[in-house]
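[1] With the input below, show me the fold.
(one chain, ligands or ions: 4)
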Amino acid sequence: MANVNLTINGVAVSVPAGTTILDAAKSAGVRIPTLCAYEGMGPHASCRLCIVQVAGEDKEKLSCAVKVAEGMEVTTDSPELFEKRKATLTEMFRQHKVDCHHCVRTGGTRIEDLDPWFCENCFYCDCQRDGFCELQALAREFGVSQLPFEPQQHDFVEDCSTGVILRDPNKCVKCRRCVDVCKNTQAVGVLGMVKTEAGQTVGVTAATLAESDCIRCGRCVDVCPTGAVYLAEHKDELPYFAHARGVKTAALVDESVLPELSKLYGGEIDLRQLSGALRKIGVDAVYDAEEVRTVIAAETAAKLSKRRKKAPAILAMDPAAKNYLTQFCADRKADFLFPETAQVRFAALVEGKFDKIYRLSGRNSLADEVQKTGCADFFYNARELYRVLKRTGANPLRAIPAELDTLGVAAEKTDYDAVLGSVSWQVGGKAEAVTLSVNGKEVSAMVCRNPSQVKAALDADCAIIRVNA
Ligand code: SF4
Ligand code: SF4
Ligand code: SF4
Ligand code: FES
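    Ligands and ions are numbered 1, 2, ... in the order given. The predicted model follows:
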């Protein structure tokens with residue numbers, strides 16, 4: 001594709017035709033503030049924070065939606081743009097239920113009181129996103145601390161129907177990331193603009209999330225820039241039970257929790273360091289989910305090797321993927337293979353030995369927890385775990401590293417690990433074809449990193465289709 005030449009803030013840039021101004025700026029290392037844009041998703045063009053000035057144009061352009069043109073002269077930052085972005089943000093806050101201003105320590109109601117250096121990380125603040133919120137960060141950047149007008153009443157009813165994935169439309173900025181991810185990446189589509197008694201908002205197209213076709217993948221939580229969709233927290237339960245006299249506790253740690261935890265702490269954290277921090281809190285035993293996964297993988301590989309059917313085996317490797325296949329691909333039911341999840345197997349292996357089990361994972365998928373499938377008592381994703389560790393002062397970067405406990409059940413890794421091992425979720429993209437050599441025999445497989453890749457993969461000429469959600 002031919003390249004287009006333009007200038008951004010006076011600097012010459014050359015990018016492929018069809019690139020948006022936002023992406024062109026990104027490629028040149030220039031940051032434009034955004035709230036609704038999300039890597040890999042189409043432009044939502046709803047927040048209006050990404051406005052830029054284009055020479056010769058009267059009105060500002062939305063950089064996420066407008067494509068570059070030859071000779072374009074773009075300005076991304078000016079006092080006028082700053083004021084307009086600030087006015088947009090101020091209006092957002094007028095409509096927002098601001099729960100992050102009530103720090104009992106400061107007694108203040110201003111956003112600048114929430115300076116991270118001032119914060120004691122007690123995390124008793126009302127909003128779970130406090131400190132991790134894109135909207136809050138922008139408010140700080142643009143100095144939105146006082147509203148020049150009366151805030152709007154907050155009348156939208158929260159949806160707590162699943163008990164795990166919670167929605168508070170009073171904090172929704174209508175960026176539509178969740179709508180996009182649910183429909184286009186997860187191929188479910190239970191979110192959209194809805195009319196309620198309190199007005200129009202982004203919500204669930206059924207009466208409640210529990211009554212919808214939601215597969216409990218939690219991806220809407222991953223992409224939401226505010227606290228409008230969030231997971232029920234268990235931040236009190238981990239320290240409480242770990243400390244309680246006579247209560248034996250165990251944690252099953254998935255290494256997928258480490259990258260984000262490392263990012264939040266600003267330093268590389270490994271399993272032994274995390275194990276040390278958990279033991280400091282009082283957790284009695286810490287196990288590596290990989291050990292349990294090798295057993296499940298070996299069993300699944302054995303089942304796959306014995307399979308004589310011509311149609312591909314369709315594997316769901318997490319509870320949300322299982323929900324997706326059951327609800328949306330029921331005509332292929334005869335080919336489903338649903339291996340147990342690591343937490344369910346782990347719970348069975350240690351049954352009777354512990355009073356409480358924690359499952360620490362990078363995944364937001366809470367289908368097991370929602371369905372109470374005899375698994376861990378409490379789930380923690382990286383952000384929640386970070387809040388727990390911060391509150392207790394058990395910093396993995398400073399903790400004495402501790403070896404992990406072992407169940408003594410680990411199995412040999414096989415070539416099937418390419419299909420059965422953990423794969424990362426992805427926005428968009430296509431299923432990936434892989435060829436495995438198992439006992440000298442070639443086995444073809446398709447790896448779907450999200451449900452939107454599944455339907456096309458079902459027609460593939462292969463032996464295994466692995467589905468991730
Ligand atoms: S969503 Fe963000 S801005 Fe809103 S209350 Fe929560 S932390 Fe504050
Ligand atoms: S949990 Fe998944 S399926 Fe349910 S609403 Fe969110 S993105 Fe959609
Ligand atoms: S719920 Fe979150 S992701 Fe969805 S539109 Fe509202 S702010 Fe955006
Ligand atoms: S990022 Fe362009 S309108 Fe939101």
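
[2] low-scoring pLDDT stretches of the chain, where are they?
    Scanning the chain for pLDDT under 70 picks out 101-125, 362-375.

[3] Ligand 2 contacts on that one?
    165, 181-182, 186, 188, 190-191, 214-220 (C-beta under 6 Å from any ligand atom). Bear in mind the C-beta positions are built from the backbone N, C-alpha and C, glycine included.

[4] Can you add distance to residue 395 and neighbour count and give those back as a markdown table?
    Below are these laid out as a markdown table (distance: C-beta to C-beta, whole Å; neighbours: other C-beta atoms under 10 Å):
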| residue | distance to residue 395 | neighbour count |
| --- | --- | --- |
| 165 | 29 | 26 |
| 181 | 33 | 25 |
| 182 | 36 | 25 |
| 186 | 35 | 26 |
| 188 | 38 | 25 |
| 190 | 39 | 20 |
| 191 | 37 | 25 |
| 214 | 36 | 26 |
| 215 | 36 | 26 |
| 216 | 32 | 22 |
| 217 | 31 | 30 |
| 218 | 27 | 24 |
| 219 | 30 | 25 |
| 220 | 31 | 26 |
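
[5] now, which of these lie within strands?
    Among the residues of the chain next to ligand 2, DSSP state E puts 165, 191 in strands.

[6] from the residues of the chain next to ligand 2, which is closest to ligand 1?
    Ligand 1 lies nearest to residue 220 out of the residues of the chain next to ligand 2, by C-beta to the nearest ligand atom, at 14.3 Å.

[7] Domain map for the protein?
    Domain segmentation of the chain under automatic domain parsing yields 3-77, 96-231, 310-338+412-467.

[8] Specify the stretch among those that is closest to ligand 1.
    domain 96-231 (3.1 Å).

[9] wait, does stretch 177-195 contact ligand 4?
    No - remark: stretch 177-195 sits outside contact range of ligand 4, by C-beta under 6 Å from any ligand atom, the gap being at least 9.9 Å.

[10] Quick one: the domains of the chain as TSV, columns for distance to residue 353 too.
    Below are these laid out as TSV (distance: least, C-beta to C-beta, whole Å):
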stretch	distance to residue 353
domain 3-77	43
domain 96-231	26
domain 310-338+412-467	24
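
[11] ok, stretch 211-230 near ligand 3 or not?
    Yes - Stretch 211-230 lies within reach of ligand 3 by C-beta under 6 Å from any ligand atom, at 223, 224, 225, 226, 228, 229.

[12] top of the residues you listed by neighbour count?
    Counting neighbours by other C-beta atoms under 10 Å, the top entry in the residues of stretch 211-230 next to ligand 3 is residue 228, with 28 neighbours.

[13] isn't it right up against residue 169?
    Yes - here residue 228 reaches residue 169: they are 6.6 Å apart, a contact under C-beta atoms under 8 Å.

[14] Could you report the distance from residue 7 to ligand 3?
    From residue 7 across to ligand 3, the span is 33 Å (C-beta to the nearest ligand atom, to the nearest Å).

[15] who are the neighbours in contact with the residue nearest to that residue when sequence neighbours are not counted?
    Distances taken as C-beta to C-beta, 6 or more residues apart in numbering put residue 73 closest to residue 7, at 5.1 Å, once the chain neighbours are dropped. The contact partners of residue 73, by C-beta atoms under 8 Å, 6 or more residues apart in numbering, come to 6, 7, 54, 55, 56.

[16] Nearest to ligand 4: which residue in the stretch 251-400 of the chain?
    Going by C-beta to the nearest ligand atom, ligand 4 is nearest to residue 263 of the stretch 251-400 of the chain, at 22.5 Å.

[17] Can you tell me what sits against the helix or strand in which that residue is found?
    Element membership for residue 263, per DSSP states H and E: helix 258-265. Outside helix 258-265, the residues within contact range by C-beta under 8 Å, 6+ apart are 268-271, 274, 362, 381-383, 385-386, 395-397.

[18] any idea which of those is closest to ligand 3?
    Nearest to ligand 3, judged by C-beta to the nearest ligand atom, of those is residue 383 at 15.2 Å.

[19] How much space separates the nearest residue to the closest one once chain neighbours are set aside from residue 46?
    Sequence neighbours aside, residue 132 is the residue nearest to residue 383 in space, at 6.0 Å (criterion: C-beta to C-beta, 6+ apart). Computed as C-beta to C-beta, to the nearest Å, the residue 132 to residue 46 distance reads 21 Å.

[20] One more: residue 348?
    For residue 348, the distance to residue 46 - C-beta to C-beta - is 46 Å.

[21] neighbour count winner among the two?
    Using other C-beta under 10 Å, the more surrounded residue of residue 348 and residue 46 is residue 46, with 18 against 12.

[22] I'd assumed residue 174 was in contact with the more buried one.
    Yes - taking contacts as C-beta under 8 Å, residue 46 lies within contact range of residue 174: 5.8 Å.

[23] For ligand 4, what is the nearest residue in the stretch 351-469 of the chain?
    Minimum separation of the stretch 351-469 of the chain from ligand 4 (C-beta to the nearest ligand atom) falls at residue 427, amounting to 15.6 Å.

[24] err, the stretch 201-350 of the chain, not the other one
    As assessed by C-beta to the nearest ligand atom, ligand 4 sits closest to residue 225 within the stretch 201-350 of the chain, at 10.0 Å.
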